[in-house]
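>>> The sequence and its predicted three-dimensional model are supplied below.
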Amino acid sequence: MKTVILTTFYNNVQAHMLQDLLRNEGIESMLQGELSAQVIASYIPGLGIQVLVFEKDYERAREILKTSFPEEVEG
């Protein structure tokens with residue numbers, strides 16, 4: 001199954017909060033770059049944590065993102 005990037009956070013607390021919200025709605029998600037962002041963020045500013053979901057869940061996940069983190073949604 002194909003995954004797509006839902007959003008990118010620069011804070012692992014927010015990434016985990018969204019992941020919990022998605023899980024509560026039955027949507028699986030994965031975090032990519034979390035360890036890198038924590039370990040070398042002080043050397044490379046702007047390194048983010050990508051929240052990925054399965055393509056089939058993208059629209060539902062985006063609605064949850066819009067409701068919970070509206071500042072992370074463009075347009």
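Received the coordinates, thanks. Small disclaimer: the values here were computed from a predicted structure and weren't measured.

>>> so where is this protein shaky, pLDDT-wise?
Within the chain, the stretches with pLDDT under 70 are 35-46, 75.

>>> Need the residue closest to the centroid of it.
residue 51 (2.5 Å; CA atoms, centre = their mean).

>>> Surely that one touches residue 16?
No: counting by CB atoms under 8 Å, residue 51 does not reach residue 16; the two are 9.6 Å apart. The C-beta positions use only the backbone N, C-alpha and C, and glycine is treated the same way.

>>> joint contacts of these two?
residue 31 (CB atoms under 8 Å, 6 or more residues apart in numbering).

>>> list the buried ones in stretch 54-66?
Within stretch 54-66, the residues that count as buried by 16 or more other CB atoms under 10 Å are 57, 58, 61, 64, 65.

>>> Does the closest residue in space to residue 9 that isn't next to it in sequence belong to a helix, a strand or coil?
Leaving aside its sequence neighbours, residue 9 sits nearest to residue 15 (CB to CB, 6 or more residues apart in numbering; 4.3 Å). Following DSSP: H, G, I helix; E, B strand; the rest coil, we place residue 15 in the helix state.

>>> how many neighbours does residue 15 have?
Neighbourhood size, residue 15 [other CB atoms under 10 Å]: 23.

>>> List the contacts of it.
9, 31, 34, 49, 51.

>>> residues of stretch 14-31 that come out buried?
14, 15, 18, 19, 21, 22, 27, 29, 31.

>>> What strands line up against the helix or strand where the last one lies, and which way round?
Taking DSSP states H and E as the definition, one finds residue 31 inside strand 29-32. Using DSSP bridges, the strands paired with strand 29-32 are strand 49-54 (antiparallel).

>>> can you pull the buried residues of stretch 3-16?
3, 6, 7, 8, 9, 12, 14, 15.

>>> Out of those, which sit inside strands?
Among the buried residues of stretch 3-16, the members falling in strands (DSSP state E) are 3, 6, 7, 8, 9.

>>> rewinding a little: for the buried residues of stretch 3-16, which one is nearest residue 74?
residue 7 (9.6 Å; CB to CB).
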